[in-house]
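# Predicted coordinates and the sequence they were generated for:
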Amino acid sequence: MDRAVNFENHYDAARVRGDWEEARHWLQQGARAGDPFSCGQLGVWHLLGHVVNRNDRTGFQLVRGAARAGLPEARRLIATLYALGRGVKPNWEQAVDWLVRGARSGDPDPARQLAFLLPAALAGERRALLESAAKSGDVIAQRRLQRDGKVNAAPRMDWRRIRQGAARPALVRGAIKAVSESPKLHQREAALSPDVCDYLICIAAPFLSRARVNDPVRGTELVDDSRTNSFATLSLVESDVVTTGIDFMLARLLGQTPKNAEPASVLHYSPGEQFAPHFDFFDPKAPVHAAQIAAAGQRVMTCLVYLNNDYEGGATRFLDTGFEFRGEAGTALFWRNTDANGLPDRSTLHAGLPPTAGEKWLLSKWFRDRPYTQVRTATMVG
């Protein structure tokens, strides 16, 4: 086939028409011709199980080919895949190396990620990375520089020190304490730093959409007046090396395996928006929920991390006792949704109360009782 064919244009035209088979045809043709865009997009499809059968190894190889060809989006994703161990054995050094390649090419996204992975001892390198990303319009880097204000360390771009210093996000020292016996709730103050909380808010904001609820009759997710807030799920294509590190850190905090985790969601509540009383578990007495449990497992644990302080109201209320909780930014609240026998714990009925002023931001993380492998459907992939 003529290498002058614009595979991306043909793919886009088919996608706009909703003709996914035609779109797949052009991606496959482009991948055979070595077109970086086609390799990257088809790789994502294999990773998500969209239109093609899910195959993490094939997806990784296609994305790696696009990254090696210099596609910025593929370089970012391959770093995340190495950090996750998706389609390849986990390799932190390779994840950092791909971020460095991207940052050195002038891509602000990996430069900003690297800045958030550096320790305080490398303040000069961190400042240089943030300034580089901020000059290219990266909002998260700009906000971090504003908060940091004037610093003593002069900007310094030492790539060797950056490679050696970039480390996974780690929990600061602290204790877990019980805050309620029924339901049994625990909190961990300062689970996330203020900078990381702000990072999550900024990275999720562009993806916010109206939150949905699970319909126990039809088994679909739908918009309903019982839930009026918005949310953004940090699935593979929205996450990065930093958010992946946060996921691993929360799993360690809760004593869970990362493979059992659903993608994290960032929740946003404007004044008056709320989430009516609900359970996080799937009710095995509902036929649709029973099928979901059989296919993908029960949601056995919930973790909420409060991401900001500048709002009024907006507590999390547990209906059985009327207990209300509102944590400081960075505080994690977590509980089991099932009892010792694996049965639903109905004392966990809770509601997200509306803020009366300001905007409320939360991170929500669910863990299943088995590895979670569900992926998006065709209608959810652009």
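Done, it's in. Residues are numbered from 1 along each chain as shown.

# Excluding chain neighbours, give the residue nearest to T220 in space.
Nearest non-adjacent residue to T220, counting by CB to CB, 6 or more residues apart in numbering: N214, 7.9 Å away. All C-beta atoms are positioned from the backbone trio N, CA, C, and that covers glycine.

# any idea of the pLDDT on the residue nearest the centre of the chain?
Taking CA atoms, centre = their mean as the criterion, L234 is the residue nearest the geometric centre of the chain, at 2.7 Å. We have a pLDDT of 95 for L234.

# ok, the residue nearest to T220 - how many residues close by?
Residues near N214, counting by other CB atoms under 10 Å, number 17.

# Export stretch 137-145 to PDB, keeping only CA atoms.
Extracted as PDB, the C-alpha positions of stretch 137-145 are listed here (Å, rounded to 0.1, in the frame of the first residue of the first chain):
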ATOM      1  CA  GLY A 137       1.100  25.700  29.000                       C
ATOM      2  CA  ASP A 138       0.900  22.800  31.500                       C
ATOM      3  CA  VAL A 139      -1.700  24.000  34.100                       C
ATOM      4  CA  ILE A 140      -0.600  21.600  36.800                       C
ATOM      5  CA  ALA A 141       3.000  22.800  36.600                       C
ATOM      6  CA  GLN A 142       1.800  26.500  36.600                       C
ATOM      7  CA  ARG A 143      -0.200  25.900  39.800                       C
ATOM      8  CA  ARG A 144       2.600  24.100  41.500                       C
ATOM      9  CA  LEU A 145       5.000  27.000  40.800                       C
END
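
# what comes into contact with that stretch?
The contact list for stretch 137-145, computed with CB atoms under 8 Å, 6 or more residues apart in numbering, reads 108-109, 111-112, 115-116, 129-131, 133-134, 195, 198-199, 202-203.

# and what of stretch 29-38?
Contact with stretch 29-38 is made by 1, 3, 5, 7-8, 11, 26-28, 39, 42, 62, 65-66, 69-71, 74, as judged by CB under 8 Å, 6+ apart.

# out of those, which are buried?
Buried members of the contacts of stretch 29-38, counted by 16 or more other CB atoms under 10 Å: 7-8, 11, 26-27, 39, 42, 62, 65-66, 71, 74.

# Just these: which are in helices?
7-8, 11, 26-27, 39, 42, 62, 65-66, 74 (DSSP state H).

# Counting neighbours, which bits of stretch 318-330 end up buried?
Residues of stretch 318-330 classed as buried: 318, 323, 325-327, 329-330 (neighbour count, 16+ other CB under 10 Å).

# now do stretch 89-103
Neighbour-count burial for stretch 89-103, with 16+ other CB under 10 Å as criterion, is recorded at 92, 94-103.

# Show the average pLDDT along that stretch.
97.

# How about stretch 37-49?
Averaged over stretch 37-49, pLDDT sits at 96.

# And that stretch, how far out from the chain middle?
On the basis of CA atoms, centre = their mean, to the nearest Å, stretch 37-49 is displaced by 19 Å from the centre of the chain it belongs to.

# following whichever strand or helix holds Q142, which helix or strand comes up?
Following DSSP states H and E, the helix or strand that holds Q142 is helix 139-148. Using DSSP H and E, the helix or strand that follows helix 139-148 in sequence is helix 159-165.

# Using PDB, write out every CA atom in that next one.
The C-alpha coordinates for helix 159-165 follow below in PDB (Å, rounded to 0.1, in the frame of the first residue of the first chain):
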ATOM      1  CA  TRP A 159      19.200  14.500  33.600                       C
ATOM      2  CA  ARG A 160      21.400  11.900  35.400                       C
ATOM      3  CA  ARG A 161      20.200  13.200  38.800                       C
ATOM      4  CA  ILE A 162      16.600  13.300  37.600                       C
ATOM      5  CA  ARG A 163      16.800   9.700  36.400                       C
ATOM      6  CA  GLN A 164      18.300   8.500  39.600                       C
ATOM      7  CA  GLY A 165      16.100  10.600  41.900                       C
END
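
# Show me what counts as buried in that helix.
Residues 162, 165 are the ones in helix 159-165 that count as buried (16+ other CB under 10 Å).

# R299: neighbouring residues, count only.
Neighbours of R299 under the rule other CB under 10 Å: 23.

# Can you tell me the closest non-neighbouring residue to it?
R299 sits nearest to W366 (CB to CB, 6+ apart), 4.9 Å away.

# can you check Y311 too?
Using CB to CB, 6+ apart, the nearest residue to Y311 is G358, at 3.1 Å.

# phi, psi of that neighbour?
In this entry, G358 is assigned phi and psi values of phi 80, psi 180 (degrees, to the nearest 10).

# Please give me every residue in contact with it.
Neighbour list for G358: 271, 310-312 [criterion: CB under 8 Å, 6+ apart].

# roughly how far apart are it and L200?
Computed as CB to CB, to the nearest Å, the G358 to L200 distance reads 17 Å.
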